[in-house]
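Q: Next comes the sequence, and after it the predicted model I'd like to discuss.
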Amino acid sequence: MSASLRQIDDHRDNRLPTRWTRPVQNLVLGCSILFVVGTALQNFVIIDLRAMVEMMRLAGATEAQALADAPGFLTGFRIVGCVYLVGNAVGLLARTGRSWVFWTVLGVNATQAAGLVMIPPEVFEATRDRFGMPGLLPSYLTDGGAALLTVVLLAVLLRYRRPWAYARISTTT
């Protein structure tokens, strides 16, 4: 039995891989590995209590306000970061070809891409002051890469009308 037929049997539906199915899945897998690493670096190495206090001070808070509010804000920041860490990890399942993986990856990356415009400039300023330009790479990698991956996945949907660039198998005889 050929690999494409096994894949159809595994998923119990009427789809056939195209020449773009594996490349799209491999792209998502590779991006997901990078995004997991980038998100973990951003969440647990770059943004710490000291960075959070500095961001708050740059945003106009007093030293006392920043010291009082930063721990709670950091906790919330890390919770959100962990959600994206898990969401990006779902992309590691891309080669299974499951539709729910595609839709999860698309949703996670579309919202993560919003970080390009939603993250306050003080975050980037504090990060650059502390780590230089290399400190900005995880955020640019995850948010910018997510924007590009979202465009690719939307293009796949427009072209094939199915997740993962699968083609429909005609059921008419």
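A: Now that the structure is in, tell me what you want to look at.
Q: Got phi/psi on residue 166?
A: Note on residue 166: its backbone torsions stand at phi -80, psi 150 [degrees, to the nearest 10].
Q: so what pLDDT did the residue nearest the centre of the chain get?
A: Centroid-nearest residue in the chain, with Cα atoms, centre = their mean: residue 109, separated by 4.1 Å. At residue 109, the model reports a pLDDT of 97.
Q: Now do the contacts for it.
A: 31, 35, 146, 147, 149, 150, 153 (Cβ atoms under 8 Å, 6 or more residues apart in numbering). (C-beta placed from N, C-alpha, C; glycine too.)
Q: Can you pick out the most distant pair from the residues you listed?
A: Pairwise distances among those were taken by Cβ to Cβ; the largest, 13.4 Å, belongs to 35 and 153.
Q: what about these two, which has more around it?
A: Using other Cβ atoms under 10 Å as the criterion, residue 35 and residue 153 rank with residue 35 on top: 28 against 22.
Q: I'd say residue 145 and residue 35 touch.
A: Yes. Between residue 145 and residue 35 there is a contact under Cβ atoms under 8 Å: 6.4 Å.
Q: Just give me how far the lengthiest helix in the chain sits from the chain centre.
A: Using DSSP state H, we find that the single longest helix of the chain is helix 63-90. Chain-centre distance of helix 63-90: 17 Å, with Cα atoms, centre = their mean, to the nearest Å.
Q: Can you name the next helix or strand after it?
A: Counting by DSSP states H and E, the element after helix 63-90 in chain order, helix or strand, is helix 99-113.
Q: Next, the buried residues of that next one.
A: For helix 99-113, a neighbour-count test (16 or more other Cβ atoms under 10 Å) marks 101, 102, 104, 105, 106, 108, 109, 110, 112, 113 as buried.
Q: helix or strand for the closest residue to the residue nearest to the centre of the chain other than its chain neighbours, which one?
A: Among residues not flanking residue 109 along the chain, residue 146 sits closest, at 4.1 Å (Cβ to Cβ, 6 or more residues apart in numbering). Assessed by DSSP H and E, residue 146 sits inside helix 145-160.
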